[in-house]
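# For reference, the sequence and a predicted model appear below.
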Amino acid sequence: MADMPTTPARPPRSLPGRAVTAALVAGLIGWIGIIWIGLQLAARSPSSLGFDLELLVRAGRDVAAGRSPYAPELVGGGPPLATSLFYSYPPPVAQLFSLVAGVPSGVMLVLWAVGAVLGFLVVTELLRRHLAPHRSRREVLLVALACAPLTLPLAVGLLFGNLDVWFPLLYGTMLLAAVAPGRGTAIAAGVALAVAALKLHPASMGVWFLTRASRRRRQEEGRSAALVVATAAVFGGLVVAVSVVIWGTTVWTEYAEVVRAGAQATIVDPRNAGIAATVAALVGGDDALARSLHLVVGVAAILVTIWAAWRRSDPVESFAWAAAASLATLPVTWYHYPSALIPVAVAAMLRAPGQSMRRVSVIVTAAAVVAAIALVWLPLLWLAAGLIVWSARVSAPSPAEAPPSPQAPVLATG
């Protein structure tokens, strides 16, 4: 008698499925935690919720009222504390905020946070399409949304209203131009570079694109990189021109004085993770020593950027080195700056081949944990950044798994 067919037992749920569920649960708890902390900060008197965004809002209201957005003592050349609260962005930022001067601060903070998170999800989806089109869009976006509050540099930025919460979108757009070179991605990346450069230190990414353009000038990637830089220059020039035409040159003169005064700001502070400032503090040095050391650190950051663009062929790893180096180009590195590396972690997770997925996941998770611990000792931020760079390197497909080069001949087999 023939054996009757039996219905196979349902296989146990896969580890990736369990990991996704765990991430969603943790993310829900994380978002609830951010909202709760936000309510606690808002209840303080005075409220400390969104204080960084409030500086931009007030600067916009000053411009709308015909006043300078810069503090008189800064325009007069008085050196501030780097950790003190003062508006020091270029004039176009305050001028843009003058257009929404009538919007209440609380509403602005909500719109600011929601817009930044949506921007991060948009760039995540675009990276998924180019790096892992086989992955479920719904799953990827839900996990990305869940992991956002668990990445404390971004979470802190959302609570304080930092401009850096837009870095996942801006750096992610630049990364997209690196992994999917083309006219559209290059123009978008150029605009993103110009906007990010309002924070000054991301301007070093322009050096990466320039070097990449020179190294691969005969390839599509090189032409795309050159277009990124050209677009950034044109867009930045247009913004300055509009600012001067509408608001005049006086505010730009004041900005130059503020930059000059800010260069003398106190930077040796436990809240500053800058490499030079940290070393100076460890040896008992002062700001003069920190500034001298930063000459070396700043040059090293640019050299790392150039080396990465020239020597690291894999675009994600190369970009990761440059993005991490951009955090060290100025003597001040705040806790929320490494949110710029989030798109690199996303790209690493998306493109990691099957046998490397677990390893990449562990590295990215370790980076998030180290970044959280860095709240206690800020220099650990650099270890977290290094882990993200490592994840980018580990996630690179092997030559056997990489797609064939368009230039390579394809041999037919019969």
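Perfect, I can see it now.
# low pLDDT regions in the stretch 301-414 of the chain?
399-414 (pLDDT under 70).
# Can you report how many residues neighbour residue 31?
By the criterion of other Cβ atoms under 10 Å, residue 31 has 17 neighbours. Yep, even glycine has a C-beta here, placed from its N, CA and C like the rest.
# For the closest residue to it other than its chain neighbours, list the residues it contacts.
Distances taken as Cβ to Cβ, 6 or more residues apart in numbering place residue 149 nearest to residue 31, at 5.0 Å, with adjacent residues excluded. By Cβ atoms under 8 Å, 6 or more residues apart in numbering, the residues touching residue 149 are 27, 30-31, 33-34, 155, 158.
# ok, now with 6 Å
Residue 149 is in contact with 30-31, 34, 155, counting by Cβ atoms under 6 Å, 6 or more residues apart in numbering.
# cool, and residue 347?
Here residue 347 is in contact with 127, 316 (Cβ under 6 Å, 6+ apart).
# Could you point out the helix or strand that follows the helix or strand where it lies?
Element membership for residue 347, per DSSP states H and E: helix 342-351. Sequence order places helix 354-373 as the next helix or strand after helix 342-351, per DSSP H and E.
# so where's this protein uncertain?
Those would be 1-17, 77-84, 399-414, if you go by pLDDT under 70 across the chain.
# what's the burial count for residue 254?
Based on other Cβ under 10 Å, the number of other residues close to residue 254 is 18.
# which SSE is it in?
Residue 254 belongs to helix 250-262, assigned by DSSP H and E.
# tell me what that helix is packed against?
In this structure, helix 250-262 packs against helix 72-75, helix 91-97, with contacts taken as 3 or more Cβ pairs under 6 Å, 6 or more residues apart in numbering; DSSP states H and E.
# I'd like those helices written out as CSV, with mean neighbour count and distance to residue 377 added.
Formatted as CSV, these follow (neighbours: other Cβ atoms under 10 Å; distance: least, Cβ to Cβ, whole Å):
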stretch, mean neighbour count, distance to residue 377
helix 72-75, 16, 31
helix 91-97, 22, 32
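# Can you lay out those as JSON lines showing distance to residue 358?
Formatted as JSON lines, the helices and strands packed on helix 250-262 follow (distance: least, Cβ to Cβ, whole Å):
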{"stretch": "helix 72-75", "distance to residue 358": "51"}
{"stretch": "helix 91-97", "distance to residue 358": "43"}
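# right, and those - which one's nearest residue 40?
Closest approach to residue 40 among the helices and strands packed on helix 250-262 (Cβ to Cβ): helix 91-97, 26.4 Å.
# Quick check: the closest residue to residue 361 other than its chain neighbours vs residue 365, distance?
Counting by Cβ to Cβ, 6+ apart, residue 349 is the residue found nearest to residue 361 once chain neighbours are left out, at 6.8 Å. Distance, residue 349 to residue 365, using Cβ to Cβ, to the nearest Å: 10 Å.
# One more: residue 334?
Taking Cβ to Cβ, one finds residue 334 at 23 Å from residue 365.
# neighbour-wise, which of these two wins?
residue 334 (22 against 17).
# would that one count as being in a helix?
No: using DSSP: H, G, I helix; E, B strand; the rest coil, the assignment for residue 334 is coil, not a helix.
# in the helix holding residue 254, what's buried?
Buried residues in helix 250-262, counted by 16 or more other Cβ atoms under 10 Å: 251, 254-255, 258, 261-262.
# and which of those is nearest to residue 62?
Looking across the buried residues of helix 250-262 and measuring by Cβ to Cβ, the closest to residue 62 is residue 251, at 10.2 Å.
# Pretty sure that closest one sits against residue 91.
Yes: the pair residue 251 / residue 91 is scored as a contact, 4.5 Å apart, by Cβ atoms under 6 Å.
# what's the closest non-adjacent residue to residue 304?
residue 325 (4.3 Å).
# host element of the one you found?
Counting by DSSP H and E, residue 325 is found in helix 315-326.
# Next, the residues that contact that helix from outside, please.
171, 175, 178-179, 201-202, 204-205, 208, 301, 304-305, 308, 312, 340-341, 344, 347, 385, 389, 392-393.
# Against which helices or strands is the helix or strand where residue 230 lies packed?
Applying DSSP H and E as the criterion places residue 230 in helix 220-247. Applying 3+ Cβ pairs under 6 Å, 6+ apart, we find helix 220-247 packed against helix 91-97, helix 183-196, helix 204-215.
# Save those as TSV, and put in distance to residue 137 too.
Formatted as TSV, the helices and strands packed on helix 220-247 follow (distance: least, Cβ to Cβ, whole Å):
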stretch	distance to residue 137
helix 91-97	32
helix 183-196	19
helix 204-215	28
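# show me the contacts for residue 170.
Residue 170 touches 192, 195-196, counting by Cβ under 6 Å, 6+ apart.
# Flag every buried residue along the following helix or strand past the helix holding residue 254.
Using DSSP H and E, the helix or strand that follows helix 250-262 towards the C-terminus is helix 275-282. Across helix 275-282, burial judged by 16+ other Cβ under 10 Å covers 275-281.
# which of those lies closest to residue 101?
Of the buried residues of helix 275-282, the one sitting nearest to residue 101 (Cβ to Cβ) turns out to be residue 277, at 35.2 Å.
# re earlier: distance between the helix holding residue 325 and the chain's centre?
11 Å (Cα atoms, centre = their mean, to the nearest Å).
# okay, the angle between that helix and helix 183-196?
10 degrees (axes from the mean of the first three to the mean of the last three Cα atoms, to 10 degrees).
# I'd like to check the angle between helix 315-326 and helix 220-247, please.
Going by the same axes, to 10 degrees, helix 315-326 makes 40 degrees with helix 220-247.
# Next, the angle from helix 315-326 to helix 342-351.
Using the same axes, to 10 degrees: helix 315-326 against helix 342-351 is 160 degrees.
# what's the burial count for residue 222?
Residue 222: 17 neighbours (other Cβ under 10 Å).
# unless I'm mixing things up, it is touching residue 216, no?
Yes: using Cβ under 6 Å, residue 222 is in contact with residue 216, at 3.5 Å.
# can you pick the most crowded of the contacts of residue 170?
Neighbour tally across the contacts of residue 170 (other Cβ under 10 Å): the maximum, 28 neighbours, falls on residue 192.
# Can you tell me how far the nearest residue to residue 185 once chain neighbours are set aside is from residue 193?
Closest residue in space to residue 185, ignoring its immediate chain neighbours: residue 177 at 4.3 Å, by Cβ to Cβ, 6+ apart. Applying Cβ to Cβ, the value for residue 177 to residue 193 is 9 Å.
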